[in-house]
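A.B. asks: Sequence plus predicted model, see below.
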Amino acid sequence: MSDQSPQQTPARTSYADRRKQRLDALARASADEEGGVSLIVSAWRRLRRNPVFLVGLAITITFVVLAVIAPWLAPYDPAARPLLDDIRPQTNPVPGPEPGHPLGGDDKGRDLLSRLLVGSQQTLMVGVLATLFGLLGGVTLGTVAGAFAGWVDSLVMRVVDVMLSIPSLLLAFTIAALASRPSQWTLIIAIATVQVPIFARLLRGSMLGQRASDHVLAARSLGVKPHAIVFRHMLPNALGPVIVQATLVLAVAIIDAAALSFLGLGNPDDRRPEWGQMLGAAQPYLGQEPHLAFYPAACIIVVALGFTLMGESLREALDPKTRR
Amino acid sequence: MSTQPIQPAVRHGEPLLAVRDLRVTFGRRGEEPFRAVDGVSFDVRPGQTVGLVGESGCGKSVTSLAIMGLLPTRGNTVEGTAVFDGEDLLSLSAQQMRDRRGADIAMIFQDPLSSLNPVIQIGRQVTEVMERHQGLSRKEAMPKAAELLERVGIPDPRARLANYPHQLSGGMRQRALIAMALACQPRLLIADEPTTALDVTIQAQILALLKDLVVETGTAMVMITHDLGVVAGLCDEVNVLYGGKIVERGTRHGLFARPRHPYTVGLLDSIPRLDAPRGEALSPIPGSVADNLPWDSACAFAPRCSNALDVCVEKTPAWEGDDVVGLRCFNPMGVSR
């Protein structure tokens, strides 16, 4: 609009013109804001231009896609031992790269690339499911505590405090070690249990904040029933920080899962590879063949980084204080 | 909806809401209890607008929340009665009170943005009340919601139904809140500083709207405000609160023409006036509510009062008057100002 208005000497625009330009600029700025549908959409608008988020998203999508198509992508069965004949226990315990096997093999003659690719399935599944179960448990406890307040809240929160007082990895070890037959499910349960108190505490805090908020008071003043207050007016508004925490927990869960299977508390069946377990198996060869440990470690780090970048930028986008 | 005949369930002249000796005390174990509302009594008749006026902390909002049963039960004691249509609201169960709220008595709050649920569309928030109290389905309630939005002056109401609160302007949000409060045609509307968060032109629009709606539907209204300008434009009867007690009561005309309590006079004097000479300073009431004396053995306002006598710090002034005009003061201001 302002470009079409007749320009006078650029140094001395009249008061009316400057005012008009300012108003136009304001109108344009507010037009940008309009058409948004919800807070989530406006958060997405900010995320879309955030390079940190895009890098995290790219990493995550890459690994998720790789995990999904791994069975077709992997050149060999991760349990087959095509390089068995190359192993010389004294001189060459780990077969190196050769045509058809770009990363070489492991100490049992299995193709390393295939095992890494298929291993991503186990690692991601453990991470995602552990986070999901942790989220489910934490949201349930947090909702109960925040909705009822009073002695229910005190009871739930004391249990949560006790769980939080135990170092998380130690608690996960203990729970995983209690299982008579370790499997990826004991891993998932152990890691999920560790996350429950964190989610519960976080949600309970924001539920209590919502309970005291004006819009909940307004809803109560209209006679809205308690369960609708909790599930329609409190919970959806309180979930924000919990969702962000969940993205960050994904990274932690993947690292924890790797740590537990590295120590042999995960799935003992090495025909179904998993990165942490591969890392553990690489231990005896760390001195001579560091690449055996390097590849799975690098995968764990990059995936965890991807989730962390995504979670951090999501937190920033949803945080009203950092909004511009 | 506006064509529906108004059927006042209560005979005109008989109070719709009669608040008697309302006392609200805050206090937790091991702490000195604090009496926020100290024996407040007033009547609201059908179709009447009654103002509760006072500065921050005088107990006006607590009074309204106590009547609505919205004070947290923990650590609060509410005594007295609030008889609405023959029923004491303060002795109803939580369930019974929930059925009254929104249907018989509704409330409008101060901050229109924070009083709307940010993640739910306006339409759903308006229909929620009708679904709750009138047993309508959302589909049935939606056209009514659009009608309501239109009636409170929201342009293009059908499109606004799908908007989220942050997409509306402050004035529109307050209009939406008024629509929600009026959705079930309550007989009493409590407005807790409904214009404080709005700018002056919007304030005037909202007040005009409330006035129209009250006249049109015959709804009685309790208007809680610190702004005497709002009172002058809207209220039939005014109660001035100080430190949890009503210190003066009068009709709108009577109170503005002949304020008698020094506090009322102070409130009127501290309003900026267009016809005052330029550069003249406003005359605020000295001190703050922190200087209050306890009502038990004195007049709470005495330390800030320009007219205080010795007796003011020795005895509690008694209420002299009835349910229309009254005063609680040992040394009221002269008959004319």
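C.D. replies: Received it, and whenever you're ready, just let me know what you need.
A.B. asks: neighbours of residue 243, just the number please.
C.D. replies: You didn't say which chain, so I picked chain A. 14 (other CB atoms under 10 Å in any protein chain shown). In this view, the C-beta of every residue, glycine as well, is placed from N, C-alpha and C.
A.B. asks: my bad, the chain I had in mind was chain B
C.D. replies: Neighbour tally, B:G243, other CB under 10 Å: 23.
A.B. asks: repeat for B:P259
C.D. replies: For B:P259, using other CB under 10 Å, the count is 24.
A.B. asks: And the nearest residue to it once chain neighbours are set aside, how far from B:I285?
C.D. replies: In this structure, B:P259 finds its nearest non-sequential neighbour in B:V265, 4.8 Å apart by CB to CB, 6 or more residues apart in numbering or on different chains. In this view, B:V265 and B:I285 are 9 Å apart by CB to CB, to the nearest Å.
A.B. asks: quick check, distance from stretch A:160-168 to the centre of its chain.
C.D. replies: Distance of stretch A:160-168 from its chain centroid, counting by CA atoms, centre = their mean, to the nearest Å, is 21 Å.
A.B. asks: Longest helix of chain A, counting residues only.
C.D. replies: helix A:112-148 (DSSP state H).
A.B. asks: the more surrounded of B:V265 and B:I285?
C.D. replies: Each of B:V265 and B:I285 has its neighbours counted (other CB under 10 Å); B:V265 has more, 20 against 17.
A.B. asks: host element of that one?
C.D. replies: helix B:262-269 (DSSP states H and E).
A.B. asks: what packs against that helix?
C.D. replies: strand B:237-242, strand B:245-251 (3 or more CB pairs under 8 Å, 6 or more residues apart in numbering or on different chains; DSSP states H and E).
A.B. asks: elements contacting the very next helix or strand once past it?
C.D. replies: Per DSSP H and E, helix B:262-269 leads on to strand B:320-321 as the next helix or strand towards the C-terminus. Counting contacts by 3+ CB pairs under 8 Å, 6+ apart, strand B:320-321 is packed against strand B:326-327.
A.B. asks: ok, the strand it packs on: who's next to it in the sheet?
C.D. replies: Its sheet considered, strand B:326-327 pairs with strand B:245-251 (antiparallel), strand B:320-321 (antiparallel) by DSSP bridges.
A.B. asks: Deepest in the core, which of the ones you listed is it.
C.D. replies: For those, the largest average neighbour count (mean count of other CB atoms under 10 Å in any protein chain shown) is found in strand B:245-251, namely a mean of 24.
A.B. asks: Show me the helices in the chain, by range?
C.D. replies: You didn't say which chain, so I picked chain A. Under DSSP H, chain A gives helices at A:15-33, A:39-48, A:51-73, A:112-148, A:150-165, A:168-178, A:184-211, A:214-221, A:226-228, A:235-262, A:275-281, A:291-318.
A.B. asks: wait, chain B
C.D. replies: Under DSSP H, chain B gives helices at B:60-68, B:94-100, B:122-134, B:138-151, B:157-160, B:170-182, B:200-217, B:228-234, B:252-257, B:262-269.
A.B. asks: Now do the buried residues in the longest one.
C.D. replies: Taking 16 or more other CB atoms under 10 Å in any protein chain shown as the basis for neighbour counts, the residues of helix B:200-217 that come out buried are B:I202, B:Q203, B:Q205, B:I206, B:L207, B:L209, B:L210, B:L213, B:V214, B:T217.
A.B. asks: nearest to A:V144, of the helices of chain B?
C.D. replies: A:V144 lies closest to helix B:94-100 among the helices of chain B, at 19.3 Å (CB to CB).
A.B. asks: That closest one: which residues count as buried?
C.D. replies: Within helix B:94-100, the residues scored as buried using 16+ other CB under 10 Å are B:M97, B:R98, B:R100.
A.B. asks: Redo those as JSON lines? Include pLDDT and distance to A:L171.
C.D. replies: Below are the buried residues of helix B:94-100 laid out as JSON lines (pLDDT from 0 to 100; distance: CB to CB, whole Å):
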{"residue": "B:M97", "pLDDT": "93", "distance to A:L171": "45"}
{"residue": "B:R98", "pLDDT": "92", "distance to A:L171": "42"}
{"residue": "B:R100", "pLDDT": "92", "distance to A:L171": "49"}
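A.B. asks: pLDDT score for residue 200?
C.D. replies: Chain wasn't specified; assuming chain A. We have a pLDDT of 93 for A:A200.
A.B. asks: look at chain B instead
C.D. replies: pLDDT at B:V200 comes out at 83.
A.B. asks: sorry, back to before: wait, which of the helices of chain B is closest to B:P46?
C.D. replies: helix B:200-217 (10.7 Å).
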